[in-house]
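**Q** Give me the fold of what follows.
(chains A and B)
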There are 2 protein chains.
Amino acid sequence: MCVLGTGLIGGSLLRAAAAGGYRAWGYNRSAPGAQAARADGFDVESDIAAVLSRAAADDALIVLAVPMPAIDTVLADVKTFAPDCPLTDVVSVKEPVRAEVHRQELGARYVGGHPMAGTAESGWAASSPDLFRDAAWAVGVDPGTRAEPWHRVARLALDCGAIVVPVLADEHDRAVARISHLPHVLAEALAVAGAAGGDLALGLAAGSFRDGTRVAATAPELVRAICEPNAAALTEAIDDALRLLEAARDSLRDEGTLGELIDAGYSERDRYDTLRRWDITDIRPGDQDWLERLRDAGRRGGVIRSLD
Amino acid sequence: MCVLGTGLIGGSLLRAAAAGGYRAWGYNRSAPGAQAARADGFDVESDIAAVLSRAAADDALIVLAVPMPAIDTVLADVKTFAPDCPLTDVVSVKEPVRAEVHRQELGARYVGGHPMAGTAESGWAASSPDLFRDAAWAVGVDPGTRAEPWHRVARLALDCGAIVVPVLADEHDRAVARISHLPHVLAEALAVAGAAGGDLALGLAAGSFRDGTRVAATAPELVRAICEPNAAALTEAIDDALRLLEAARDSLRDEGTLGELIDAGYSERDRYDTLRRWDITDIRPGDQDWLERLRDAGRRGGVIRSLD
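**A** Coordinates of the predicted model:
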């Protein structure tokens, strides 16, 4: 397995795969970045031609673990040095990556992926082999996906300790706009609106402010790289939040009550807390209509915990 | 010390005061609630006349630890049975409590208080003597406050392990609207907007959604009792958040970028993370202009860690 990019996610993937018995190596564009990984005993270079030629020779699964803005450049290198390898990615949006993969005619063995894990930290230094333990890992089931690379990608996710959620690229992007990108935007707004109260307000801040702004400590360029490629779906999610907040504001201002928002929020948080994932056990990659069946199962909360 | 109301905050206060060597007893309006506290070895009754008569006989510090909607009723009992005792409260808004205290002519020995601590749980069963450890505890310095009850209230906060923040009632209310009540409102909106993505979205949700909606698990009636008495200041805080979110939404929709919000949010979260409280050591209750001087120090981030 060959990881392109050894930051928080790529680095954790390299560690998890190595721990799981994979022959795994990687690329980091900066020499000090590659050196940091080598110092920890991992096989990471900053010569992408060498790294990808080795992948081509081994038919290794290539994992794109660079931020969205760097995807086109890295895909051009894949196209040059290892165009026939199975290919996946761990980028936070799926439709833009998929579009670029197909534009560069690398779609034949591509399967989109997105492990739902992270921390406010970034870089190799923050990476951990346990980052994906019990995390959901979205794996693409878009039309035309082939069974063989799909099996390898799902296998990697499971071997990293994650749970596979089969999903279409555009449905993934609309979902993460709501449960990953919107939380970032609200955290930033809370940090700004809270700090507008000055040192007195910040000095009184306790758990609700601390937790509500936690992800605002993420590096700004990373937040933008995560959220902005998903502009259409995120705009819609922000619009929904604005409608809810405007209704609560109007009701509070005019009638002194926050209205329906409080009961609705409590009820939906409870739905999240009590969500039961169920196991997909009767669909194997390559079966008749397997992509449609996995897509439908994923929509209904189904997950894959084993491929045996 | 006499606590009226033995839920999460009042119960924790009773435990902390008892652990700190106070002779402490309490009142809970429900017989099973009082029984639960007694079963844990605490002196709690549901006969308010008896509890308050004892406070009057001992010149005990009375702490109002009931939700805002019950304050007027409990104050009427204080007026009847213990009108001359020093009096404080732990309610999440200060101006409405202060107004009601003065309306019932109980202002002579009243000092407002608000420990900035809590959990999503509630009730005696969730109470802990360590709840206030290292928490900020707002103590009122409004004009007319007397030194003797102020000293007793600040002493109690310190004895519970908290740090005293001197603050005017209305400045407190505007500050907590931003760092306590707004986080609740945004968490509720996030829970609803996130869950609108269905089980697929909730199944993909990870840390950012979990932390961003944590306080939405608080009982709805408690959230309303905390936020709605602060309607004017909270309306203003929601308006601020709406302006920030609208600007980000417009920028994302029209130009594909979240604009200034991300850098501003990062910077303000960093300001919160690196906030240095400084110790007020040169102002004693009863000194010349002590109330104004404590007010000014609190506005600039000053706190009291010791009264000796």
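
**Q** in chain A, which spans are strands?
**A** Here chain A has its strands, by DSSP state E, at A:2-4, A:25-27, A:44-45, A:62-64, A:87-89, A:110-111, A:113-115, A:136-140, A:163-167, A:278-279, A:302-303.

**Q** Who are the contact partners of the residue in the stretch 201-308 of chain A positioned nearest to chain B?
**A** Scanning the stretch 201-308 of chain A for the residue nearest chain B gives residue A:265, at 2.7 Å (criterion: CB to the nearest CB). C-betas here are computed from N, CA, C, even on glycine. Residues counted as contacts of residue A:265 (CB atoms under 8 Å, 6 or more residues apart in numbering or on different chains) are B:187-192, B:213, B:216.

**Q** and it, what pLDDT?
**A** On the pLDDT scale, residue A:265 is placed at 98.

**Q** again with residue A:119
**A** Reported pLDDT for residue A:119: 69.

**Q** Tell me the pLDDT of whichever residue of the stretch 51-200 of chain A sits closest to chain B.
**A** Residue nearest to chain B within the stretch 51-200 of chain A: residue A:188 (2.7 Å; CB to the nearest CB). pLDDT, residue A:188: 98.

**Q** Which residue is the nearest non-sequential neighbour of it?
**A** Spatial nearest neighbour of residue A:188, chain neighbours left out: residue B:265 (2.7 Å); criterion: CB to CB, 6 or more residues apart in numbering or on different chains.

**Q** on that earlier part again, distance check, the residue of the stretch 51-200 of chain A closest to chain B against residue B:182.
**A** To residue B:182, residue A:188 is 13 Å away according to CB to CB, to the nearest Å.

**Q** hey, C-alpha coordinates of stretch A:267-281 in CSV?
**A** What follows is stretch A:267-281, C-alpha atoms only, in CSV (Å, rounded to 0.1, in the frame of the first residue of the first chain):
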residue,chain,number,x,y,z
SER,A,267,-34.8,15.0,20.2
GLU,A,268,-32.4,14.9,17.3
ARG,A,269,-29.3,14.7,19.6
ASP,A,270,-31.1,11.8,21.3
ARG,A,271,-31.6,10.2,17.8
TYR,A,272,-27.9,10.5,17.2
ASP,A,273,-27.0,9.1,20.7
THR,A,274,-29.3,6.1,20.2
LEU,A,275,-28.6,5.4,16.5
ARG,A,276,-28.1,1.7,15.9
ARG,A,277,-26.0,0.8,13.0
TRP,A,278,-26.9,-2.6,11.5
ASP,A,279,-24.6,-5.0,9.7
ILE,A,280,-24.8,-5.6,6.0
THR,A,281,-24.0,-9.3,5.7
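
**Q** is chain B contacted by it?
**A** Yes: using CB under 8 Å from any CB of the partner chain, stretch A:267-281 reaches chain B at A:268-273, A:275, A:277.

**Q** buried set for that stretch?
**A** For stretch A:267-281, a neighbour-count test (16 or more other CB atoms under 10 Å in any protein chain shown) marks A:268-269, A:272, A:280 as buried.

**Q** re earlier: who has more neighbours, residue A:188 and residue B:182?
**A** Between residue A:188 and residue B:182, residue A:188 has the larger neighbour count (other CB atoms under 10 Å in any protein chain shown), namely 31 against 28.

**Q** Touching, that one and residue B:261? I think so.
**A** Yes: the pair residue A:188 and residue B:261 passes the contact test of CB atoms under 8 Å, sitting 5.0 Å apart.

**Q** which neighbours do the two share?
**A** In contact with both residue A:188 and residue B:261: B:244, B:248, using CB under 8 Å, 6+ apart.

**Q** re the thing from before, if we only consider the contacts of residue A:265, which is nearest to chain A?
**A** residue B:188 (2.7 Å).

**Q** Could you list the low-pLDDT ranges of the stretch 101-250 of chain A?
**A** A:119-120 (pLDDT under 70).

**Q** rerun at 50
**A** In the predicted model, the stretch 101-250 of chain A carries no residue with pLDDT under 50.

**Q** So which bits of the stretch 1-150 of chain A are right by chain B?
**A** For the stretch 1-150 of chain A, the contact set with chain B under CB under 8 Å from any CB comprises A:116-119, A:135-136, A:138.

**Q** hmm, 6 Å instead?
**A** When proximity is defined as CB under 6 Å from any CB of the partner chain, the stretch 1-150 of chain A approaches chain B at A:116, A:136.

**Q** residue boundaries of the helices in the stretch 1-150 of chain A?
**A** A:8-19, A:31-39, A:48-58, A:71-81, A:95-103, A:147-159 (DSSP state H, counting those that start in this stretch).

**Q** Can you lay out those helices as CSV showing mean neighbour count and distance to residue B:19?
**A** Listed next are these as CSV, based on neighbours: other CB atoms under 10 Å in any protein chain shown; distance: least, CB to CB, whole Å:
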stretch, mean neighbour count, distance to residue B:19
helix A:8-19, 24, 42
helix A:31-39, 16, 48
helix A:48-58, 17, 61
helix A:71-81, 17, 57
helix A:95-103, 19, 57
helix A:147-159, 20, 49
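
**Q** is chain B contacted by the longest helix seen in chain A?
**A** In chain A, taking DSSP state H as the definition, the longest helix is helix A:231-255. Yes: using CB under 6 Å from any CB, helix A:231-255 reaches chain B at A:231, A:235, A:237-238, A:240-242, A:244-245, A:249, A:252-253.

**Q** Please render these as JSON lines that adds neighbour count to the earlier fields.
**A** Listed next are the residues of helix A:231-255 next to chain B as JSON lines, based on neighbours: other CB atoms under 10 Å in any protein chain shown:
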{"residue": "A:231", "neighbour count": "21"}
{"residue": "A:235", "neighbour count": "19"}
{"residue": "A:237", "neighbour count": "29"}
{"residue": "A:238", "neighbour count": "26"}
{"residue": "A:240", "neighbour count": "19"}
{"residue": "A:241", "neighbour count": "25"}
{"residue": "A:242", "neighbour count": "17"}
{"residue": "A:244", "neighbour count": "24"}
{"residue": "A:245", "neighbour count": "24"}
{"residue": "A:249", "neighbour count": "22"}
{"residue": "A:252", "neighbour count": "23"}
{"residue": "A:253", "neighbour count": "15"}
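
**Q** Between those residues, which sits nearest residue B:202?
**A** residue A:237 (13.9 Å; CB to CB).

**Q** Please look at the closest one and residue A:182 and confirm they touch.
**A** Yes: counting by CB atoms under 6 Å, residue A:237 touches residue A:182, with 4.5 Å between them.

**Q** quick one on the thing from earlier: could you say what helices and strands the longest helix of chain A packs with?
**A** helix B:182-195, helix B:231-255 (3 or more CB pairs under 6 Å, 6 or more residues apart in numbering or on different chains; DSSP states H and E).

**Q** before we move on, the earlier item: out of the strands of chain A, which gets nearest to residue B:160?
**A** strand A:136-140 (41.3 Å).
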